[in-house]
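A.B. asks: show me how the following folds:
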Amino acid sequence: MSRFKYSYARAFAPASVSNVGPGFDVIGFPIDEPGDYIEAFTRPSKGVTLRIIAGETNNVTARVDMNTAGKAVLAMEEALAFEQGVELVLHKQMPIGSGLGSSAASAAAAVCAVNALLEYPLSKHELLPFALEGEALTSNGIKHGDNIVPALLGGFCIVRDIETYSYVTLPVKDDLLCLVVHPHIVIETAFARGILPKEISMKLAVKQSANAALLVAGILTGDYTLFKEIVHDELAEPFRKKLIPGYEEAKLACMQNGALGFSISGSGPSLFAFFDDPAKAEKTSVTLTGVFEGLQMGYSVYISKVNKQGAKVVEVR
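C.D. replies: Numbers count the residues shown, from 1 in each chain. Predicted coordinates for the structure are as follows:
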């Protein structure tokens with residue numbers, strides 16, 4: 001039975017870019033913001049409860065077993081046999097259906113906060129199975145790791161097999177920047193996956209594999225000249241880009257302003273571009289203002305290095 005050492009902890013987990021170009025369902029990385037906060041309190045009575053303080057959205061269930069944060073902590077409770085109860089307060093700062101791993105951020109922050117309460121806390125690797133139980137709620141029970149692994153662990157992550165928790169984190173240089181633009185529309189992951197073809201040609205599979213290998217080579221060597229030809233997705237992007245107003249205009253704006261590559265984050269609608277020059281990234285953010293204001297659409301822009309920390313404890317007492 002796991003004992004609690006502390007009565008309160010607060011944790012943060014960041015947004016993440018997944019399906020990175022040719023890394024469909026395999027490659028992801030977190031950015032510095034936005035993200036979700038979780039407060040965890042110990043309670044005398046056993047069980048897990050959840051309250052929600054909404055930021056950008058209130059379309060989130062407070063039912064513990066149907067919320068990604070609550071489900072993740074329920075899995076912890078069952079495995080570790082908590083001696084006391086836990087109350088979670090979710091400060092939901094991320095919009096759902098954004099393509100930035102909103103559900104993963106909630107689950108990662110939750111397990112990180114509750115873990116900080118323990119007398120003998122687990123490693124982040126040991127927390128991954130619990131976070132995945134929460135993340136699976138949004139994917140019809142299927143566990144995808146390219147958001148939850150980066151959100152929890154940080155870094156540029158390659159996920160090989162989520163059932164065996166097989167993944168690797170690549171070293172990435174600080175000069176690589178990511179610009180993310182989030183058009184304020186919702187694209188549900190299940191719908192975006194449902195429009196994809198069930199089979200692909202051998203030729204397409206080979207091309208996607210080669211591009212993914214070159215993406216990894218570019219990260220490891222710092223040779224970002226490789227990115228322009230390969231940071232796109234041959235499998236999902238041709239279908240999903242049709243769901244995103246302003247996709248073509250945003251891509252043109254990014255590439256004309258010196259982006260190293262451009263693609264869709266997750267299932268969309270968020271879009272991302274790599275830069276190695278902060279001035280070019282800032283200039284592009286201004287250009288994108290014209291694109292989305294011209295479409296009379298709300299949007300948010302974030303510029304960040306690859307977040308190497310992932311979920312973190314902000315306070316414990």
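A.B. asks: per-domain residue ranges of the protein.
C.D. replies: According to the domain assignment given by automatic domain parsing, the chain is divided into the following structural domains: 8-171+307-316, 177-305.
A.B. asks: quick one: end-to-end distance for the longest one.
C.D. replies: With Cα to Cα, to the nearest Å as the measure, the first residue of domain 8-171+307-316 is 6 Å from its last.
A.B. asks: swap in the shortest one?
C.D. replies: Domain 177-305 has an end-to-end distance of 5 Å (Cα to Cα).
A.B. asks: rounded mean pLDDT for that domain, please.
C.D. replies: Averaging pLDDT along domain 177-305 gives 94.
A.B. asks: how about residue 241, nearest residue that isn't a chain neighbour?
C.D. replies: Closest residue to residue 241 apart from its sequence neighbours, by Cβ to Cβ, 6 or more residues apart in numbering: residue 247 at 4.6 Å. Bear in mind the C-beta positions are built from the backbone N, C-alpha and C, glycine included.
A.B. asks: just give me the longest strand of the protein.
C.D. replies: The longest strand of the chain (DSSP state E) is strand 23-43.
A.B. asks: pairing partners for whichever helix or strand comes after that strand, with directions?
C.D. replies: On the C-terminal side of strand 23-43, the closest following helix or strand by DSSP states H and E is strand 48-54. Under the criterion DSSP bridges, strand 48-54 sits next to strand 85-92 (parallel) in its sheet.
A.B. asks: quick one: distance of the partner strand to the chain centre.
C.D. replies: Between the mean C-alpha point of strand 85-92 and the mean C-alpha point of its chain there is a distance of 20 Å (Cα atoms, centre = their mean, to the nearest Å).
A.B. asks: follow-up on the earlier one: ok, the residue nearest to residue 241 to residue 312 distance?
C.D. replies: When Cβ to Cβ, to the nearest Å is the yardstick, residue 247 and residue 312 sit 33 Å from each other.
A.B. asks: which one's more surrounded, the two?
C.D. replies: Using other Cβ atoms under 10 Å, the more surrounded residue of residue 247 and residue 312 is residue 247, with 20 against 17.
A.B. asks: in contact with the more buried one, which residues?
C.D. replies: Going by Cβ atoms under 8 Å, 6 or more residues apart in numbering, residue 247 touches 241, 264, 271.
A.B. asks: of those - the most surrounded one?
C.D. replies: Within these, residue 264 tops the neighbour count with 28 neighbours, counted by other Cβ under 10 Å.
A.B. asks: hmm, residue 236 and it touching each other?
C.D. replies: Yes. Taking Cβ atoms under 8 Å as the contact criterion, residue 264 and residue 236 are neighbours in contact, 7.4 Å apart.
A.B. asks: touching both of those two, which residues are there?
C.D. replies: Common contacts of residue 264 and residue 236, defined by Cβ under 8 Å, 6+ apart, comprise residue 19.
A.B. asks: tell me where the stretch 51-200 of the chain has strands.
C.D. replies: Listed in chain order, the strands of the stretch 51-200 of the chain (DSSP state E, counting those that start in this stretch) span residues 85-92, 156-161, 166-170, 177-183.
A.B. asks: return the most buried member of the ones you listed.
C.D. replies: With neighbours taken as mean count of other Cβ atoms under 10 Å, the strands of the stretch 51-200 of the chain reach their highest mean count in strand 177-183, at a mean of 24.
A.B. asks: tell me which other helices or strands that strand touches.
C.D. replies: strand 8-20, strand 23-43, strand 271-275, helix 278-294, strand 299-305 (3 or more Cβ pairs under 8 Å, 6 or more residues apart in numbering; DSSP states H and E).
A.B. asks: quick one: stretch 178-194 to chain centroid distance?
C.D. replies: For stretch 178-194, the distance between its averaged C-alpha position and the chain's averaged C-alpha position is 12 Å (Cα atoms, centre = their mean).
A.B. asks: ends of it, what's the gap?
C.D. replies: According to Cα to Cα, stretch 178-194 extends 28 Å from its N-terminal end residue to its C-terminal end residue.
A.B. asks: how about stretch 12-31?
C.D. replies: Chord length of stretch 12-31, first to last residue, is 12 Å (Cα to Cα).
A.B. asks: could I get the average pLDDT for it?
C.D. replies: Regarding stretch 12-31, the rounded mean pLDDT is 95.
A.B. asks: and stretch 146-156, by the same measure?
C.D. replies: In this model, stretch 146-156 carries a mean pLDDT of 95.
A.B. asks: where's that stretch relative to the chain centroid, distance-wise?
C.D. replies: 7 Å.
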